[in-house]
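Peer 1: pasting the structure only:
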């Protein structure tokens, strides 16, 4: 019974969680603490763990909470639950786009969507930069350690064939030394 | 033919498992890896389609990493492709968190974790910046696209307009622009 409940609550989170990452965290927090499934302290632990471990934060939270409440199968039920809405919606959207790809209207819309999406990604790069080497309170003061790592990553990604995973791992190691 | 399909699915699974295992920082942090592995090296899909995958992932509810994995998996190998990419993205964090949940009751940040995390963020900002330039080269090819991109950048970065509105606005702008262009062309014909 608890497995079905876990599945349904996390399916709901997957369905109403727009915007991913940190905006989904707020929804998870509300859904889980109000049910008394986890305490606020436990929730902030999950948020901290999610930051330092790889993978999507919502999957991390689903796995952790599912395990706490229903053991191994609880973590399976919660993780599958949070992914199922994505599965259905994304495949429907992909089918729609593929089917009407040659239609003039969809093609025109996609031509407008692509540049704004790239701009959105550029904006995300700025937020990562803000969190590491730019300080909004003192915009002229640059945190040099992280900035050197940023510049190194740009050069490595643009001009060498070094694997992206390796670049991020090197950035992590450099962070221990420079930051 | 059967074997190549199995090989393709296995390759998709491994690729997305790697992506799931090494992207710290959420959905957008995995974009550079997707662009390199799926488009640049293996040529499964074009750069335009990677941007499409991200547009779809951002405008639907759910986890961005999983959404884009499912979209790309479906494009490359149908429903089976979507299943293996979703599993690939989810499994690494599932395993890691399960181990943590079993072994530790609480985890608190320490100074080394913070340092490593700062390094990762700076590095991720760098690789995303390079990816933006690459994707931009194949997507922003005329004045119309450039104006839209600059406008969207200003709106998201400084005014904090949500991605769903930005994408809807882009779709509307594209529809109107190309509609008007067609009308003009018909007039001169």
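Peer 2: On my side now, so go ahead. Note that the coordinates shown come from a computational prediction; the quantities given were computed from them, not determined experimentally. Numbering: from 1, shown residues only, chains lettered A, B, ... in the order given.
Peer 1: okay, CA-based contacts and neighbour counts for the rest of this
Peer 2: Noted.
Peer 1: got the domain boundaries for chain A?
Peer 2: For chain A, the structural domains run A:2-99, A:133-178, going by automatic domain parsing.
Peer 1: So for residue A:52, what's the pLDDT?
Peer 2: According to the per-residue confidence, residue A:52 scores 67 in pLDDT.
Peer 1: so of the domains of chain A, which one's packed in deepest?
Peer 2: Mean neighbours per residue, mean count of other CA atoms under 10 Å in any protein chain shown, is largest over these for domain A:2-99, with a mean of 20.
Peer 1: What are the boundaries of the helices in the chain?
Peer 2: Because you didn't say which chain, this covers chain A. Counting by DSSP state H, the segments of chain A that form helices are A:2-16, A:21-34, A:40-52, A:57-99, A:104-132, A:144-159, A:164-178.
Peer 1: That was the other one, I meant chain B.
Peer 2: With DSSP H as the criterion, chain B has helices spanning B:2-22, B:31-34, B:47-59, B:64-103, B:111-139, B:143-159, B:163-188.
Peer 1: relative to helix A:57-99, how tilted is the third one?
Peer 2: Translated: helix B:47-59. Here helix B:47-59 runs at 120 degrees with respect to helix A:57-99, directions being taken by axes from the mean of the first three to the mean of the last three CA atoms, to 10 degrees.
Peer 1: Just name whatever secondary elements the worst-scoring helix or strand of chain A on mean pLDDT is in contact with.
Peer 2: When the helices and strands of chain A are scored by mean pLDDT, DSSP states H and E, helix A:40-52 comes last with a mean of 72. Applying 3 or more CA pairs under 8 Å, 6 or more residues apart in numbering or on different chains; DSSP states H and E, one finds that helix A:40-52 makes contact with helix A:21-34, helix A:57-99.
Peer 1: re earlier: looking at the helices of chain B, which is nearest to residue A:106?
Peer 2: When the helices of chain B are ranked by distance to residue A:106, counting by CA to CA, first place goes to helix B:163-188 at 7.9 Å.
Peer 1: returning to that earlier point: residue B:42: which of the domains of chain A is closest?
Peer 2: Comparison of the domains of chain A against residue B:42 by CA to CA identifies domain A:133-178 as nearest, at 13.9 Å.
Peer 1: That closest one: end-to-end distance?
Peer 2: For domain A:133-178, the first and last residues are 12 Å from each other (CA to CA, to the nearest Å).
Peer 1: can you give me the mean pLDDT across that domain?
Peer 2: 85.
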